[in-house]
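Student: sequence first, then the predicted structure, then my questions.
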Amino acid sequence: MPVIHPRKQKIDVSNFGTEIVITNAYLVYKDEKLKEKALSEGIHKLINFDGPVMTDSGSFQLSVYGDVEITNTEVIEFQELIKTDIGTSLDIPTAPYETLEKTEKDLAITLERAKEAVEYKEKNNIEMLLNSVVQGSTYPELRSYCADELSKLNADLYPIGAVVPLMENYKYRDLVDVVMASVSHLPDSVPRHLMGAGHPMIFSLAVAMGCDLFDSAAYILYAEDDRFLTTRGTYKLENLQEMPCSCEVCSKYTPDDLRSMEKEERTKFIAEHNLSVSFAELRVVHQAIIDGSLMELVEERCRAHPMLLDACRQLDKYSEDLEVYDPRIKKSAFFYTGPESLKRAEVVRHLNKLRKMDKKRDLVILPSSRKPYSKYINKSNIGDFYTYGSERELDLNNTDFMVLDVPFCLIPLDIDEIYPLSQNEAPKIRDIEAIEFIESFISEFIEYYDQSLINSKIMDELGIGLYNIHPQSNEVKFKRDDKRKIKSIADYQFGNGVGEILFEGNLKIEKSKKTGKIRHIYSDGELLVNMRASDSYFVLAKKGAKRLHKFKPCPENRVVVNADSEPFVREGKTVFSKFVIECDKDIRSNDEVLIVNESDELLAFGKSLLNHNEMMDFSTGQAIKTRKGFK
Ligand code: GUN
Ligand code: ZN
């Protein structure tokens with residue numbers, strides 16, 4: 001949302017992909033002429049914008065000048081009278097690092113006013129949507145408390161306020177704590193707006209934390225100071241020999257051209273560049289979400305400034321929170337861009353799966369080769385082993401075979417083709433953080449086993465002595481076995497023990513003639529599951545869904561829908577969030593799920609489009625793309 005100045009605006013922001021703008025109701029209120037026009041013709045006419053208009057309340061002026069000449073109810077009423085689409089109550093933006101006492105006092109007033117605004121809206125049956133701003137300075141527990149309290153109000157949008165000073169002073173790391181403390185206590189179904197965030201350098205990080213909207217006057221304020229915004233940082237016109245991008249302005253003019261222009265003309269052109277770059281970055285972020293490469297983008301953008309890299313590293317603290325919102329299956333491969341990638345959702349999730357999986361007695365750790373490992377592993381690259389734990393003959397039927405991998409640490413050979421264990425790239429020249437990370441996980445993991453055999457090449461690869469080791473030569477050979485493989489994948493995908501019950505009976509495994517990959521699995525002539533070629537996960541068929549349903553207790557792997565939707569779901573129609581009563585906490589978007597009624601009768605199965613939290617909180621939109629229903 002570009003900020004429109006109600007009096008001074010000279011730039012037309014509508015040509016850059018602008019769909020919504022923000023302006024300041026208090027500035028309009030304070031100016032007799034503007035006020036009169038806004039009251040008679042409405043805010044849209046006043047600022048000449050047809051789309052949705054959000055207005056701020058004077059809180060920012062309050063934070064700068066310490067005082068405003070308007071009350072909370074006056075400003076709400078005024079915004080309603082000028083036909084604002086989204087209004088804001090008069091919150092108190094408490095500065096970062098304020099004392100606890102002052103922050104608590106301010107916060108009490110902010111909450112009181114937010115409540116007053118919502119009550120006013122409800123009592124007068126007003127259509128205008130309402131912002132309730134999260135405050136609490138740099139105290140994460142106060143931010144969370146504020147978010148909890150505001151969530152009870154059912155506001156229409158939740159802005160996160162008083163973060164401008166953090167961004168101006170490059171305190172991005174503290175920004176991460178403030179934003180995460182806020183969003184983790186806000187409902188998923190309501191948009192979050194990072195107030196005053198206008199530098200494109202920060203958009204991807206903010207979106208990754210769960211922010212949906214941005215507003216800023218940065219495009220014009222920077223332009224007035226002859227500064228160009230870019231995703232790599234800010235450039236001053238006086239230092240430019242080359243224009244910083246390929247927008248219309250940068251393609252048409254040289255820095256000398258701009259320097260020789262009158263101030264007003266120059267400012268307009270730089271502001272246009274700034275808007276172009278900002279909207280271009282929003283499109284890049286949006287596409288990255290669709291591709292599943294948002295975190296790669298964040299890691300790339302955060303390299304623009306060391307303080308941003310700190311912010312990216314601070315996200316480590318929240319990797320378990322972020323994992324919940326991360327789809328398990330993506331279109332794009334996982335790219336390791338640096339040590340920050342070790343804390344990504346995919347890695348966290350895989351290591352948790354390994355910890356929880358049913359284990360055999362012994363473990364063999366093999367060195368990595370070409371991917372998929374199970375295809376290229378052979379005796380020639382096996383060599384000698386070191387033993388950890390008890391020393392005795394291996395029972396190959398009671399042994400887990402895994403490959404050492406960066407960044408996924410250990411990859412069981414039976415599941416190595418599933419996303420992202422094969423669909424990832426990491427540099428072959430390892431960084432010390434990755435080596436230490438893997439070493440630490442392996443030290444923890446081998447404790448689950450009675451005996452671990454670690455290949456000698458791994459010692460060379462890691463370049464460090466791992467354990468208290470004894471050389472040994474043992475005939476160790478991984479043999480591919482389709483039945484074991486499909487059971488392992490089913491366990492990994494649906495939960496421990498599922499493979500055994502899903503694949504019982506007289507099995508037929510059909511493979512692609514071209515690639516040799518498993519495509520369809522039948523039991524006694526009936527289709528159980530298909531294996532998706534791109535990520536090697538199973539897609540359920542009717543018989544597979546029934547077996548999974550019979551084995552797993554409610555609500556595991558399930559979404560429970562209400563009685564109204566039952567006939568539609570049985571017909572194979574899409575499940576909407578408003579019909580969802582309950583669902584498995586472990587569901588992530590893109591998972592295969594069962595759809596049942598309140599008596600746990602299997603109605604259908606499909607692909608979830610949302611995770612548990614979202615499905616439970618959203619009251620509009622699709623939740624599950626149904627594959628097939630049981631009539
Ligand atoms: N604009 C930038 N920060 C803030 C804030 O904290 N509150 C309001 N209302 N507007 C802002
Ligand atoms: Zn440009």
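Tutor: Cool, got the structure. Ligands and ions are numbered 1, 2, ... in the order given.

Student: switch to C-alpha atoms for all contacts and neighbour counts from now on
Tutor: OK.

Student: get me the contact residues on the stretch 1-150 of the chain for ligand 1.
Tutor: 56-57, 59-60, 91, 93 (CA under 6 Å from any ligand atom).

Student: try it again with 8 Å
Tutor: Counting by CA under 8 Å from any ligand atom, the residues of the stretch 1-150 of the chain close to ligand 1 are 56-60, 88-94, 133-135.

Student: closest to Ser599 among those residues?
Tutor: Of all these, Ser599 sits closest to Val134, with 40.6 Å by CA to CA.

Student: look at the residue nearest to that closest one when sequence neighbours are not counted and say how many residues are nearby.
Tutor: Computed as CA to CA, 6 or more residues apart in numbering, the closest residue to Val134 that is not its neighbour in sequence is Ile160, at 4.8 Å. Other residues near Ile160 come to 25 when the count uses other CA atoms under 10 Å.

Student: same check on Asn530?
Tutor: Other residues near Asn530 come to 20 when the count uses other CA under 10 Å.

Student: quick check: phi and psi on it?
Tutor: Per-residue torsions, Asn530: phi -110, psi 150 (degrees, to the nearest 10).

Student: right, and Asn557 touches Arg588 too?
Tutor: No: counting by CA atoms under 8 Å, Asn557 does not reach Arg588; the two are 10.4 Å apart.

Student: do the longest helix along the chain and ligand 2 meet at all?
Tutor: Ordering each helix of the chain by length in residues (DSSP state H) puts helix 263-291 first. Yes: in terms of CA under 5 Å from the ion, part of helix 263-291 sits within range of ligand 2, namely His273.

Student: report the distance from that helix to the chain centre.
Tutor: Centroid displacement of helix 263-291 relative to its chain, using CA atoms, centre = their mean, to the nearest Å, is 22 Å.

Student: before we move on, the earlier item: inside helices: which ones of the residues of the stretch 1-150 of the chain next to ligand 1?
Tutor: Judged by DSSP H, the subset of those located in helices is 59-60.

Student: by neighbours, which of the residues of the stretch 1-150 of the chain next to ligand 1 wins?
Tutor: Val134 (35 neighbours).

Student: so how far is ligand 2 from it?
Tutor: For Val134, the distance to ligand 2 equals 34 Å [CA to the ion, to the nearest Å].

Student: separation between that residue and Thr88?
Tutor: Computed as CA to CA, to the nearest Å, the Val134 to Thr88 distance reads 12 Å.

Student: check Lys356 too.
Tutor: The gap separating Lys356 from Thr88 is 47 Å, by CA to CA.

Student: what's the answer for Glu98, then?
Tutor: Glu98 is 23 Å from Thr88, by CA to CA.

Student: equivalent analysis for Arg7, please.
Tutor: Using CA to CA, Arg7 is found at 20 Å from Thr88.

Student: what residue in the chain comes nearest to ligand 1?
Tutor: Taking CA to the nearest ligand atom as the measure, the chain has Gly161 as its residue closest to ligand 1, at 3.2 Å.

Student: now that residue: phi and psi?
Tutor: phi -100, psi 170.

Student: quick one: pLDDT of it?
Tutor: Note on Gly161: pLDDT of 98.

Student: do Asn496 as well
Tutor: Asn496 is assigned 97 on the pLDDT scale.

Student: is it in contact with Arg355, as I believe?
Tutor: No: Asn496 lies out of contact with Arg355 (CA under 8 Å); the separation is 11.7 Å.

Student: quick check, nearest of the residues of the stretch 1-150 of the chain next to ligand 1 to Val364?
Tutor: In terms of CA to CA, no member of these lies closer to Val364 than Val134, at 51.5 Å.

Student: what sits against that closest one?
Tutor: 143, 146-147, 150, 158-161, 182 (CA atoms under 8 Å, 6 or more residues apart in numbering).

Student: which one's more surrounded, Asn557 and Arg588?
Tutor: Neighbours around Asn557 and Arg588, counted as other CA under 10 Å, are more numerous at Arg588. The numbers are 25 against 21.

Student: what residues are up against the more buried one?
Tutor: Here Arg588 is in contact with 324-328, 608-612 (CA under 8 Å, 6+ apart).

Student: also Lys343?
Tutor: Neighbours of Lys343 in contact, by CA under 8 Å, 6+ apart: 316, 319.

Student: so which bits of this protein are right by ligand 1?
Tutor: So far as CA under 8 Å from any ligand atom goes, the chain lies against ligand 1 at 56-60, 88-94, 133-135, 159-164, 195-196.

Student: before we move on, what SS does Glu500 have?
Tutor: Glu500 falls in the helix class when you classify it by DSSP: H, G, I helix; E, B strand; the rest coil.

Student: can you pull the contacts of it?
Tutor: By CA under 8 Å, 6+ apart, the neighbours of Glu500 are Lys487.

Student: go again with 10 Å.
Tutor: By CA atoms under 10 Å, 6 or more residues apart in numbering, the contact set of Glu500 is 483-484, 486-488, 490-491.

Student: if we can go back for a sec, redo the contacts of Val134 as CSV? Include distance to ligand 2 and secondary structure.
Tutor: CSV is the format used below for the contacts of Val134 (distance: CA to the ion, whole Å; DSSP: H, G, I helix; E, B strand; the rest coil):
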residue, distance to ligand 2, secondary structure
Arg143, 37, helix
Cys146, 40, helix
Ala147, 38, helix
Leu150, 40, helix
Tyr158, 32, strand
Pro159, 29, strand
Ile160, 29, strand
Gly161, 29, coil
Ser182, 34, helix
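
Student: which of the residues you listed has the largest number of neighbours?
Tutor: Counting neighbours by other CA under 10 Å, Tyr158 comes out on top of these with 29 neighbours.

Student: lowest-confidence helix or strand of this protein?
Tutor: Of all the helices and strands that make up the chain, strand 470-472 has the lowest average by mean pLDDT, DSSP states H and E, namely a mean of 54.

Student: re the thing from before, which ones among the residues of the stretch 1-150 of the chain next to ligand 1 map onto strands?
Tutor: Applying DSSP state E to those, the entries found in strands are 56, 88.

Student: find the residue closest to Tyr172 in space, skipping its chain neighbours.
Tutor: In space, and not counting its chain neighbours, Tyr172 is closest to Ala311: 5.3 Å by CA to CA, 6+ apart.

Student: what about that neighbour, which SS state?
Tutor: Three-state call for Ala311 (three-state DSSP): helix.

Student: buried residues in stretch 393-411?
Tutor: By neighbour count on 16 or more other CA atoms under 10 Å, the buried set for stretch 393-411 is 394, 396, 399-411.

Student: picking that back up, confidence-wise, which of the residues of the stretch 1-150 of the chain next to ligand 1 comes last?
Tutor: Among those, Phe60 has the lowest pLDDT, at 89.

Student: ok, and for stretch 45-52, which residues are buried?
Tutor: For stretch 45-52, a neighbour-count test (16+ other CA under 10 Å) marks 46-47, 49 as buried.

Student: now stretch 426-445
Tutor: Buried residues in stretch 426-445, counted by 16+ other CA under 10 Å: 434-435, 437-439, 442, 445.

Student: roughly how far is that stretch from the heart of the chain?
Tutor: Here stretch 426-445 is found 25 Å from its chain centre; the criterion is CA atoms, centre = their mean.
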